[in-house]
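Chemist: Pasted the sequence and its predicted model underneath.
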Amino acid sequence: MTNKLPPISQLGPFIALLIACVAFGATTDRFFSGENFSLILQQVTVVGVIAIGQTLIILTAGIDLSCGMIMALGSIVMTKLAADMGLPAPLAILAGVGVTALFGLINGLLVTRIKLPPFIVTLGTFNIAFAITQLYSGAQTVTEVPPLMTWLGATFPVGGTNVAYGTILMILLYLGVWFWLRETQSGRHVYAVGNNPEATRLVGIPPEKVLLGVYVLAGVFYGIASLMSVARTGVGDPNAGQTENLDAITAVVLGGTSLFGGRGMILGTLIGAVVVGVLRNGLTLMGVSSVYQVLITGILVIVAVTVDQLSRKGGR
Amino acid sequence: MATPQIVMQAKGLVKRYGQVTALDGADFELRAGEILAVIGDNGAGKSSLIKCLSGATIPDEGQIMLDGKVIHFKGPIDARREGIETVYQDLAVAPAMTIAENLFLGRELRREGFAGNVLRMLDKKKMLEISIARMNDLKVGIRSMTQAVETLSGGQRQCVAVARAAAFAEHVVILDEPTAALGVKEGNMVLELIRRVRDKGLPVVLISHNMPHVFEIADRIHVARLGKRGAVLNPKKISMSDTVAVMTGALPPEQLPPECLA
């Protein structure tokens, strides 16, 4: 509706992406290649899809610390059901997504019914999901994965580089959520609840209903991310989700969504996820060990939140 | 003189919260095209009365009538459906959303045909046009309906909240302390707007602690006292200090000359 330049907080992710690309392009020779970019996008799919759910929750002024662990549980459930119990792949996938949605529902019910802070609820479910994942899998990787579950990891050539189906699905999910948040009533209500839950209640939108829907929907996205994870690694990995937890939150915050709720754009999160992916990819190409990558992600999320806080104070 | 038409009426409202009786048989009467101020000390039953009228609470006893018809509100949405719009003190707006979005929050318009029915798309253009038209009607001088509410001053925000109520109310507008926390100039801006709402034919219930504001725009003053209607005063005949005396109980309304009552 307006042609004004977006504020600096919305340009932030692009600037970060630019700086990271230039830095890695200068220090490594393999960084700027179609093949490498395709790889980055594939690596980003899991975090990218988790971050969709995380964005929705953060838009309502909540936070989900359990997202990575729920994703890992989903991938163990779907692979084990198929491998051990011989459940047909589509049903196993549905069951996995069902479990992640159920965890979203539990998070949502605790937040809306008992009015617990999302922070502590999801810290609890983080541990619960992790423990169930370890117990159910016996801490063993599930290696017999039906081909349908790895289909999203398959690639097709586009002008010389190979693009994964998972990447396409991720982008479609982003576009879908972008449309929903922007153009529909229920999407706008997510913003309204994040802005002022009392105001939405007074105009007749029950904020609890919106919140519960958001948590369940986030759970569904974690389930889709479970499938993406299985497709990328070809196994059900009980130790997945460790880095994805913070990476997803980093992607959302880098993407310009405010932790205070009610402000942000879903497409910013996609850029934020790519920034995180570029960072991990570039650091790996430079030969930086993964511990340092964790260190850098930790610093990055704090910097991003600081920028958000300062811009909010400086603005008004 | 012909008896003025009564838009909203309440008889014998009782509301108890545990041991406390907030309303003890309160009556209420709102006439067509008037600004009725509701004043009262803390605990006089002022806010309980307003909550009953706006559907925020359900009275234990008594009845509420709208255009002579008995109504039962189960919640604020029921009251809204009957054309009663309430502006709450703590500014029920979403600050990061645009003015147009705030005006239509909770009653968004959807597009026609496939885009609206299947894709559930909002008709942003139409909502924007209606917002501009309604705000022009009320002479609210805000340039762009697509700016975020948080970019407005406190008075302008309050004007948006009042205009939202006036734009959608068919029967009654209830304003809870609309000028509290505003400066002199901003307060006057809101008072002007309230007057225009009345002049458009909508009766206004104004809850206020600000006596000068009440005397500036009210046609009648409803004094809530001890859970009942203590008196209804005529601000053109009674002084501000006598009004406060009635409110605190220092001056029994029976001792007032009859022309002071309304």
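Modeler: It's in. Numbers count the residues shown, from 1 in each chain, chains lettered A, B, ... in the order given.

Chemist: Helices of chain B, residue ranges please.
Modeler: Across chain B, reading from the start of the chain, the helices by DSSP state H fall at B:46-54, B:76-81, B:99-103, B:113-117, B:124-137, B:154-168, B:184-199, B:211-217, B:240-248.

Chemist: what's the closest of the ones you listed to residue B:8?
Modeler: With Cβ to Cβ as the criterion, residue B:8 lies closest to helix B:46-54 of the helices of chain B, at 7.0 Å. All C-beta atoms are positioned from the backbone trio N, CA, C, and that covers glycine.

Chemist: which residues sit against the closest one?
Modeler: When contacts are taken as Cβ atoms under 8 Å, 6 or more residues apart in numbering or on different chains, the neighbours of helix B:46-54 outside the stretch itself are B:8, B:10, B:13, B:15, B:22-23, B:26, B:28, B:38-40, B:56-59, B:64, B:73, B:76, B:79, B:84, B:86, B:172, B:174, B:176, B:205, B:207, B:224, B:227.

Chemist: I only care about these that end up buried; give me the PyMOL line for that.
Modeler: For selection in PyMOL, the members of the contacts of helix B:46-54 meeting the burial criterion (16 or more other Cβ atoms under 10 Å in any protein chain shown) are listed in this command:
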select buried, chain B and resi 8+10+13+15+22+23+26+28+38+39+40+56+57+59+64+73+76+79+84+86+172+174+176+205+207+224+227
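
Chemist: returning to what we had before: adding mean pLDDT as columns, could you present the helices of chain B in JSON lines?
Modeler: Rendered in JSON lines, the data for those read as follows (pLDDT from 0 to 100):
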{"stretch": "helix B:46-54", "mean pLDDT": "90"}
{"stretch": "helix B:76-81", "mean pLDDT": "87"}
{"stretch": "helix B:99-103", "mean pLDDT": "92"}
{"stretch": "helix B:113-117", "mean pLDDT": "88"}
{"stretch": "helix B:124-137", "mean pLDDT": "90"}
{"stretch": "helix B:154-168", "mean pLDDT": "88"}
{"stretch": "helix B:184-199", "mean pLDDT": "91"}
{"stretch": "helix B:211-217", "mean pLDDT": "93"}
{"stretch": "helix B:240-248", "mean pLDDT": "92"}
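
Chemist: Of those helices, which is nearest residue A:310?
Modeler: Sorting these by Cβ to Cβ, the top spot, which is the nearest, belongs to helix B:154-168 at 24.0 Å.

Chemist: tell me which strands and helices the closest one is in contact with?
Modeler: Here helix B:154-168 is seen to pack against strand B:84-87, helix B:99-103, helix B:124-137, strand B:172-176, helix B:184-199 when contacts are counted using 3 or more Cβ pairs under 8 Å, 6 or more residues apart in numbering or on different chains; DSSP states H and E.

Chemist: ok, and for that helix, which residues are buried?
Modeler: Buried positions in helix B:154-168, judged by neighbour count with 16+ other Cβ under 10 Å: B:155-168.

Chemist: who in chain A is up against chain B?
Modeler: Residues of chain A found near chain B, taking Cβ under 8 Å from any Cβ of the partner chain as the criterion, are A:1-2, A:183-186, A:188, A:191-192, A:195-196, A:198-200, A:202-205, A:262-263, A:316.

Chemist: In strands, which of those residues fall?
Modeler: Secondary structure defined by DSSP state E assigns none of the residues of chain A next to chain B to strands.

Chemist: related to what we said a few turns ago, just the contacts of helix B:46-54 that are near chain A?
Modeler: Contacts with chain A within those, as defined by Cβ under 8 Å from any Cβ: B:76, B:86.

Chemist: Now, the contacts of helix B:46-54 that are in strands?
Modeler: Short answer: those in strands (DSSP E) are B:8, B:10, B:13, B:15, B:22-23, B:26, B:28, B:38-40, B:64, B:84, B:86, B:172, B:174, B:176, B:205, B:207, B:224.
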